[in-house]
Structures are given as C-alpha cells and as structure tokens.
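Fold the following for me, if possible:
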Amino acid sequence: MQDLTQEQWHKQILEDTTGVILDVRTPHEVEEGIIPNAQHLDIQNAPSFMEGAQELDKAKNYYVYCRSGGRSAQACMIMESMGFKNTYNLLGGFSEWKGDKTKL
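All right, here's what the predicted structure looks like:
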C-alpha cells in the first residue's frame, strides 16, 4: 500500500489507463457523491467487501478512497493480504477531494 496526497493520487489516476478507482464508503456516504468511474465496495460490510474484492483483477492498480483515508488504508491492507500488488490510499479521502464528483 502506498499513501498518496490528493495531488499525487489524481495525477496517477490520469496517467494509469488500467487503474481502478475503488470507493469503500457506506451506501449512505456514497449518496453524497462519488469520484467518476469508481466502483463501490463497502468495507463496513466485511463479508461483502471480501467477496467483491475476490472478483477483482489482482494485476491491476487500485486507487482506494473513503471519507477521510482511514478505512481506505484498512481496505488496502486487506487487499494486499489477499494478493493485490498495487493499492494506493487517498490521504484525506473524499472529504478533501477537489477533483470531479458525480452522483450514482
């Protein structure tokens, strides 16, 4: 897992054509908006998160965020224990995100 600042994370996403953005917030939090093209896996629902993560391509790069950066760091660690090689945690999370946002 690598912690990235908002600027580093955004820059890497723009340059990584096969990267996957992963939102690990609760459904209620997702109602506030989401980073465009993000997939949603709620880390609060551990069995569902683990099941969903198992279906992801472990060879890809994952850019993970939550509301403030804590749960996404936890998600990155879990994913790495499952065999994911490249996970990037968004420091400050969605609450500090200055990039584009959309509604689901």
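
So Asp16 sits against Asn86, correct?
No. Using C-beta atoms under 8 Å, Asp16 is not in contact with Asn86, being 9.3 Å away. Yep, even glycine has a C-beta here, placed from its N, CA and C like the rest.

which residues do the two both contact?
By C-beta atoms under 8 Å, 6 or more residues apart in numbering, Asp16 and Asn86 have these common neighbours: Asn61.

Spell out, range by range, the helices that occur in the protein.
Secondary structure of the chain, counting by DSSP state H: helices at 6-15, 27-30, 46-54, 70-81.

Between helix 46-54 and the last one, find me the angle.
Think helix 70-81. 50 degrees (axes from the mean of the first three to the mean of the last three C-alpha atoms, to 10 degrees).

Helix 70-81: how far from the chain's middle?
9 Å (C-alpha atoms, centre = their mean, to the nearest Å).

pLDDT (mean, whole number) over that helix?
Helix 70-81 shows a mean pLDDT of 96.

Okay, buried residues for that helix please.
Arg71, Ser72, Ala73, Gln74, Ala75, Cys76, Ile78, Met79 (16 or more other C-beta atoms under 10 Å).
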